[in-house]
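**Student:** Generate a structure from the sequence data that follows.
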Amino acid sequence: MRRRTYLHLAGAFGVTGLSGCQTTDDGGSGGLGTASPEPSETESPTETTETDDPVATIEAYFDAVSAGDSDALRETVHDESPYVPTIDAGKVTFPDSTPAFDPDTAEIVDSDPTPAEIREFEAAGFVFDDGELDDAFADRSGVLVEAASEPTNLSMGETWVLLRESGRWRVFWVGTRSDVPDDPSEVFDPEIVDTAHDVVAEVDWEYDQDTDGAVSNVEWAQVIMTDTPGIEAETIRVESTIEGWETELSGGDDDEPGGWAGTWANIALHEDGDQIVVTAISDGTETVVHRVHYEPKTESETSTSTGTE
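**Tutor:** Numbers count the residues shown, from 1 in each chain. Next up, the predicted model:
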């Protein structure tokens, strides 16, 4: 996939991913410290303390997770963050080990980001509506920090969104800034169609995922697997390379070859165009068996989505 996978505070497409992410993550050496007040007009604008440093807040988050301390974790998170309900409900699962986090590699990449910029993050539409972002950013300064831990296999996101609260930086959200080209088709790979239906029976481009209005700027397709596999594979991976959605289908814990037969995967597609890639995995060997393109409808076209079987 084009996206990099890093540890972050929550799962890619929902606020309840916090506990799932924290089953494998985190580390750090910084202390929680005490909150420092906002600098006054008479103070030097370049003078900062450790607790006034947004990177120190991220480090404090890792310290709290490493210690298994929900209260300390909550202190690092902004009151209007979508992670608050998960923490307050006691649904945080802390890791057995703590992958390294290196604060020296963190970089402030933007000061005073706007709600519009955050809406452009991958999966932001799954987490926020416009009003929530506007309210959270009203009369508050913010900052974006690129800060990655060791890669994990659970979630992705390396851009930390921090907002001021009570004179200190706190984590609001962690996500991935979009790097979608103006014309996604420019980065499409050639199509590969499973004409023998060894794995894929069909792609339903008209599928409409029920999201209760929580998702904007996302299209959907359902990839339906054949009932009679023509190849042996323990796992089938289905992904959209532009929107960055991924699902794996298998025969369960036993990885029974063909156990994915008759299943399906609902895949989110980027509104400006995307490609669906289906990969068969057998004994660690990955083979792309189906790659088709989604191109959005225009006023002059009835349908330009390709790859329908």
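**Student:** in the stretch 101-250 of the chain, what spans have low per-residue confidence?
**Tutor:** For the stretch 101-250 of the chain, the stretches with pLDDT under 70 are 148-157, 210-217.
**Student:** The residue nearest to Gly262 when sequence neighbours are not counted sits in which helix or strand?
**Tutor:** Of all residues not flanking Gly262 in the chain, Asp227 sits nearest, at 4.8 Å (C-beta to C-beta, 6 or more residues apart in numbering). Every residue, glycine included, has its C-beta placed from N, CA and C. Taking DSSP states H and E as the definition, Asp227 sits outside all helices and strands.
**Student:** Report the distance from stretch 249-262 to the chain centre.
**Tutor:** Here the centre of stretch 249-262 is set off from its chain's centre by 26 Å, with C-alpha atoms, centre = their mean, to the nearest Å.
**Student:** what residues does it touch?
**Tutor:** With C-beta atoms under 8 Å, 6 or more residues apart in numbering as the test, stretch 249-262 has contacts from 225-229, 232-238, 263, 265, 282.
**Student:** could you redo the last one with a cut-off of 6 Å?
**Tutor:** Contact with stretch 249-262 is made by 225, 227, 229, 232, 234-236, 263, as judged by C-beta atoms under 6 Å, 6 or more residues apart in numbering.
**Student:** Mind pulling up the pLDDT for Asp253?
**Tutor:** Asp253 carries a pLDDT value of 66.
**Student:** Near the residue nearest to Gly262, how many other residues are there?
**Tutor:** 10 (other C-beta atoms under 10 Å).
**Student:** try Val65
**Tutor:** Counted with other C-beta under 10 Å, residues neighbouring Val65 total 26.
**Student:** The helix or strand harbouring it: which residues count as buried?
**Tutor:** Taking DSSP H and E as the criterion, Val65 maps to helix 54-67. Neighbour counts using 16 or more other C-beta atoms under 10 Å place 54-66 of helix 54-67 among the buried residues.
**Student:** Now do the helix or strand following it, average pLDDT.
**Tutor:** Counting by DSSP H and E, the next helix or strand C-terminal to helix 54-67 is helix 70-75. Across helix 70-75, pLDDT averages out at 93.
**Student:** pLDDT of the next helix or strand along the chain from helix 70-75, averaged?
**Tutor:** Sequence order places helix 84-88 as the next helix or strand after helix 70-75, per DSSP H and E. In this model, helix 84-88 carries a mean pLDDT of 91.
**Student:** how about helix 84-88: buried residues?
**Tutor:** Buried, per 16+ other C-beta under 10 Å, within helix 84-88: 86-87.
**Student:** hey, C-alpha coordinates of that helix in PDB?
**Tutor:** Output of helix 84-88 as PDB, limited to C-alpha atoms (Å, rounded to 0.1, in the frame of the first residue of the first chain):
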ATOM      1  CA  VAL A  84     -11.900  11.000  25.500                       C
ATOM      2  CA  PRO A  85     -15.000   8.700  25.600                       C
ATOM      3  CA  THR A  86     -12.800   5.600  25.200                       C
ATOM      4  CA  ILE A  87     -10.400   6.700  28.000                       C
ATOM      5  CA  ASP A  88     -13.200   7.800  30.300                       C
END
